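Enquirer: Sequence and computational prediction follow.
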Amino acid sequence: MDFKLSDEQRMLEETVGRLVRDTYTFEVRNKSLESEQGFSADVWQQFAELGLLGVPFSEEAGGFNGGGAELMVVAEGFGRGLVVEPYLATVVLCGTLVDKLGSDQQKEALVPAIIGGETRLSLALYEPNGRYEHNRVTTSAKKDGEGYVLNGEKAVVINGDSADQLVVIARTSGAEDDRAGLSAFLVDGNAAGVSRRGYPTIDGLRAAEVVLKDVKVGADALLGAEGQAIDALEDSLALGLVALCAEASGAMEVACDQTLEYIKERQQFGVPIGKFQALQHRMVEMRMELEKVRSITMLAACSLNESRELRDKRLAAAKAQVGKSGRRVAEEAIQLFGGMGMMEETPISHYAKRIVMIDHHLGDSEYHYGRLESLLDVE
Amino acid sequence: MDINFTAEEAAFRDEVRAFLKDKLPEDISRKVKEHKRLGKEDTIRWQKILNEQGWLALHWPKEHGGTGWSPIQKHIFEEECAEAGAPTVLPFGVNMVAPVIIKFGTQEQKDYYLPRILKSEDWWCQGYSEPGAGSDLASLKTRAVREGDHYVVNGQKTWTTLGQHADMIFCLVRTDPDAKKQEGISFLLIDMNTPGITVRPLITLDGEHEVNEVFFDDVKVPVENLVGEENKGWTCAKYLLTFERTGIAGVGQSKAALAHLKQVAAQQISNGRPLIEDPHFRRRLADVEMELMSLEMTNLRTVAAAEAGGVPGAESSFLKIMGTELRQEITHLFRTAAGPYALPFLNEALHDDFDGNYVGPEFAASVSARYFNFRKLSIFGGSNEIQKNIISKMILGL
């Protein structure tokens, strides 16, 4: 048992920490949000130069060969800085899916471009009536000569508005919620028949509703074997869950720190409000929730190589805990900040929004409680 | 980062497991698993078995007959004991007074008391709390006045756990009433058979005789029973409390209880189906299991930090709050699982020698009593509110 970071992991942590501390100020972030794509292309290039975009890829491909723990370290740092760049979409979800499913040609074309910051991708997975069930897919891909024709609608595709390419999960066979019959396709964001309605999310990201109408793609757009995408998709979603839990952990840490600092300074009735026991105990409870999330995130991050069932059980528990504890921390932070917590100009409000909204990515706590329930007896 | 145990740690776990399989009496473990009340003899029988193995004194240095184990080894041992249904070692002698004697006692005190504690020859109890001095321990009033080679003790202690069996009590007494609150307190070892001591049972809401009041009326205590310096007893008191908080997360106990709860829920029928398939109940089981995973990892992080040389400090307060709340929640779910059979209360059915007929399923006999009994977890050892005060001060700097 060893909870210390390895030298390489510590190096990653320092790299991200320095970046967030020195250049990723609240003002810089807010300015990025105002841009059309909702993030900074310069910052993205910096990520590439620092090697951050290569974390989950093999060394042969020019990556860092990182696993769950490395991803956790990076995402925690991003959470501390409320980073809005499309790391989850491009690197964690799509990048690893291409890496797992793609042919040598597809990988050669894409992986170095992702690592270098030249290509950004976005995962078009969920659908308007599917909530968080990743295998409930009605978007269809029908054989059309050598290629396929895609039809369907994709919901809340994170960073889908600006992505160069979409990784579209479509059904090549089977009923609406079959695990078999799901395939992954690379679709150019500007291909004929693709319409994207981009919009901001409340926590400062960008997303899009995507409609695919008779979108024609070649045979080379299919990633992996037809109808066999589910296992790899779930592996990538597992990484995504680790990243989200870790991001929540980092953001919750800052929310706790800022709240603590605030109640030590803010004076009422002639003393700092942190002198009041009622508030001290609430602050302690916030810290306790943070410790739980830190702990269970480590558990999830270190469980990616366990059996699928045990991995999924721990991931479900971690995401459910993040939803439960995160909400508590966010709500208490706003409450302890009082009126100031309600203000857009106070950073804590942005932390609170991100922490709560993480619950809506890749399954909320209700959804993951359900998964955990189904895996309750897994040891 | 690696959350798995090392090969050496795993081998140690195997060794502990083999010992428990071999030496833990089946009748005792059954009682523990069925949440029956243990008799004094059961506790002593098990402690003697542990002592023969040299595994009784977890926290003692090796030269005094302790295990000399690392924090991780202690953790593994406690976890395995809980899983196997081993009784809790009575902490007052082995884990509380003994470390104080080792650290502050005279050579004579060490030579006399430590072997007796190892052999379970004395049953110890704790004389800390007083009416009016619970979590505010330093406001205690019991007086000890030195007269020649004796102290004369007058006052009252309360919440004295299992004091009805005790041969010895370690007490905090006020030796200088004019000094400041924490000063002027001394640490005395008192023979329970000394004239002037009266033990009165306190029956708790679950019908159990677990705690007592102890009255001291001109009790003569030889001065050689003073541990450490006169008026410096607060140092001993604080040192002792650091040992009270080990294993405080109760992860092993919660795991064992949750496993039992699942078994019970698989047997109970609700709406024509096993209760464990009831979506509402299952959700609550899932919540407890999730919180337990978080707690276990938090506990391991603390253990690993202690292993690396850190002293478990205010972090143990986190563990106390999280651990006790979880254990309480599990007792609540047991009660829920029993349904209407949570109501019948046959006090005699909770004792180990009961051979009558249960009302309803056997598991249900103890659930409500245990639920009410476990309300104590968030009160004793420094109430959870006091733990929050400690965290506020020590970790948050408020």
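Expert: Thanks, I have the structure now.
Enquirer: CA atoms for contacts and neighbours, from now on please.
Expert: OK.
Enquirer: what's the next secondary structure element after the longest helix along chain A?
Expert: Secondary structure assigned by DSSP state H gives helix A:230-265 as the longest helix of chain A. The helix or strand immediately downstream of helix A:230-265 is strand A:267-268, counting by DSSP states H and E.
Enquirer: circling back to that earlier point, mind checking if the longest helix of chain A is in reach of chain B?
Expert: Yes - Helix A:230-265 comes into contact with chain B when judged by C-alpha under 8 Å from any C-alpha of the partner chain, the residues involved being A:260, A:264.
Enquirer: Name the residues of that helix that come out as buried.
Expert: With burial defined by 16 or more other C-alpha atoms under 10 Å in any protein chain shown, the residues of helix A:230-265 counted as buried are A:230-256, A:258-260, A:262-264.
Enquirer: which residues in the chain form helices?
Expert: Using chain A. Remark: helices of chain A, listed N- to C-terminal, are A:7-22, A:26-34, A:41-49, A:68-81, A:87, A:96-101, A:104-115, A:230-265, A:277-301, A:308-337, A:347-358, A:365-374; assignment by DSSP H.
Enquirer: That was the other one, I meant chain B.
Expert: For chain B, the helices identified by DSSP H occupy B:7-23, B:26-33, B:40-53, B:71-84, B:91, B:98-104, B:107-118, B:233-244, B:251-267, B:279-307, B:315-338, B:367-373, B:384-394, in order along the chain.
Enquirer: now the helices of chain A as TSV including distance to A:Ile202?
Expert: Rendered in TSV, the data for the helices of chain A read as follows (distance: least, C-alpha to C-alpha, whole Å):
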stretch	distance to A:Ile202
helix A:7-22	22
helix A:26-34	11
helix A:41-49	21
helix A:68-81	16
helix A:87	18
helix A:96-101	27
helix A:104-115	27
helix A:230-265	16
helix A:277-301	23
helix A:308-337	14
helix A:347-358	7
helix A:365-374	19
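Enquirer: Relative to A:Phe47, how far out is the residue lying closest to B:Ile44 once chain neighbours are set aside?
Expert: Spatial nearest neighbour of B:Ile44, chain neighbours left out: B:Ser120 (6.5 Å); criterion: C-alpha to C-alpha, 6 or more residues apart in numbering or on different chains. Taking C-alpha to C-alpha, to the nearest Å as the criterion, B:Ser120 is separated from A:Phe47 by 64 Å.
Enquirer: what residues does chain A put near chain B?
Expert: Contacts of chain A with chain B, taken as C-alpha under 8 Å from any C-alpha, map to A:1-6, A:69, A:260, A:264, A:274-275, A:277, A:280-281, A:283-284, A:288, A:291-293, A:295-296, A:298-299, A:302, A:317-318, A:320-321, A:369-370, A:372-373, A:376.
Enquirer: For the stretch 1-150 of chain B, list the residues in contact with chain A, please.
Expert: Proximity of the stretch 1-150 of chain B to chain A (C-alpha under 8 Å from any C-alpha) is limited to residues B:1-6.
Enquirer: Emit the PyMOL select command for whichever of the residues you listed are buried.
Expert: This is the PyMOL syntax for the buried subset of those, where burial follows 16+ other C-alpha under 10 Å:
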select buried, chain B and resi 2+3
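Enquirer: For chain B, what's its nearest residue on the stretch 1-150 of chain A.
Expert: A:Met1 (4.5 Å; C-alpha to the nearest C-alpha).
Enquirer: Surely A:Gly181 and A:Gln228 touch.
Expert: Yes - between A:Gly181 and A:Gln228 there is a contact at 6.3 Å, judged by C-alpha atoms under 8 Å.
Enquirer: quick one: the nearest residue to the residue of the stretch 1-150 of chain A closest to chain B once chain neighbours are set aside from B:Phe12, how far?
Expert: Across the structure, with C-alpha to C-alpha, 6+ apart as the measure, the residue nearest A:Met1 apart from its sequence neighbours is B:Phe5 (4.5 Å). For B:Phe5, the distance to B:Phe12 equals 10 Å [C-alpha to C-alpha].
Enquirer: residues touching A:Leu310, list them.
Expert: Taking C-alpha atoms under 8 Å, 6 or more residues apart in numbering or on different chains as the contact definition, A:Leu310 lies against A:303, A:378-379.
Enquirer: change it to 7 Å
Expert: Applying C-alpha atoms under 7 Å, 6 or more residues apart in numbering or on different chains, we find A:Leu310 in contact with A:378-379.
Enquirer: any idea how far it is from A:Leu375?
Expert: Distance check for A:Leu310 against A:Leu375: by C-alpha to C-alpha, it reads 8 Å.
Enquirer: these two touch, right, A:Ala48 and A:Ala113?
Expert: No - using C-alpha atoms under 7 Å, A:Ala48 is not in contact with A:Ala113; the gap is 9.9 Å.
Enquirer: The two: which is more packed in?
Expert: Neighbour totals were compared for A:Ala48 and A:Ala113, and A:Ala48 leads with 18 against 15 (other C-alpha atoms under 10 Å in any protein chain shown).
Enquirer: Neighbours of A:Gln105, how many?
Expert: A:Gln105, neighbours per other C-alpha under 10 Å, totals 9.
Enquirer: Next one, pLDDT for residue 134 please.
Expert: Just so you know, I chose chain A. In the prediction, the pLDDT value recorded for A:His134 is 96.
Enquirer: looking at chain B here, not the other one
Expert: Residue-level confidence at B:Gly134 comes out at 75, pLDDT.
Enquirer: and the gap between the nearest residue to A:Asp364 once chain neighbours are set aside and B:Asn299?
Expert: Beyond its immediate neighbours in the sequence, the residue positioned closest to A:Asp364 (C-alpha to C-alpha, 6+ apart) is A:Gly323, lying 6.5 Å away. Counting by C-alpha to C-alpha, the gap from A:Gly323 to B:Asn299 is 21 Å.
Enquirer: Same question for B:Ala144.
Expert: Computed with C-alpha to C-alpha, the distance linking B:Ala144 and B:Asn299 is 40 Å.
Enquirer: same thing with A:Ile230?
Expert: A:Ile230 sits 36 Å away from B:Asn299 when distances are taken as C-alpha to C-alpha.
Enquirer: quick one, strands of the stretch 51-200 of chain B?
Expert: Listed in chain order, the strands found in the stretch 51-200 of chain B under DSSP state E, counting those that start in this stretch are B:124-127, B:143-147, B:150-157, B:168-174, B:185-191, B:197-203.
Enquirer: what sits up against the fourth one?
Expert: Strand B:168-174 is contacted from outside by B:122-128, B:141-144, B:184-192, B:233, using C-alpha under 7 Å, 6+ apart.
Enquirer: follow-up on the earlier one: number of nearby residues for the residue nearest to A:Asp364?
Expert: A:Gly323 is surrounded by 26 other residues when neighbours are defined as other C-alpha under 10 Å.
Enquirer: and it, how far is that from B:Thr298?
Expert: Taking C-alpha to C-alpha as the measure, A:Gly323 and B:Thr298 are separated by 18 Å.
Enquirer: Surely B:Thr142 and B:Gln156 touch.
Expert: Yes - the pair formed by B:Thr142 and B:Gln156 meets the contact definition of C-alpha under 7 Å, at 6.2 Å.
Enquirer: Residue nearest the middle of the chain, spatially speaking?
Expert: Reading this off chain A. A:Leu88 (4.2 Å; C-alpha atoms, centre = their mean).
Enquirer: try again with chain B
Expert: In chain B, the centroid-proximal residue (C-alpha atoms, centre = their mean) is B:Pro91; its distance is 5.8 Å.
Enquirer: ok, A:Ala170 touching A:Ala180?
Expert: No - proximity of A:Ala170 to A:Ala180 does not meet the contact threshold set by C-alpha under 7 Å, at 11.2 Å.
Enquirer: who has more neighbours, those two?
Expert: Neighbour comparison, A:Ala170 and A:Ala180: the larger count goes to A:Ala170, with 27 against 18 (by other C-alpha under 10 Å).
Enquirer: Now do the more buried one, the pLDDT please.
Expert: Reported pLDDT for A:Ala170: 98.
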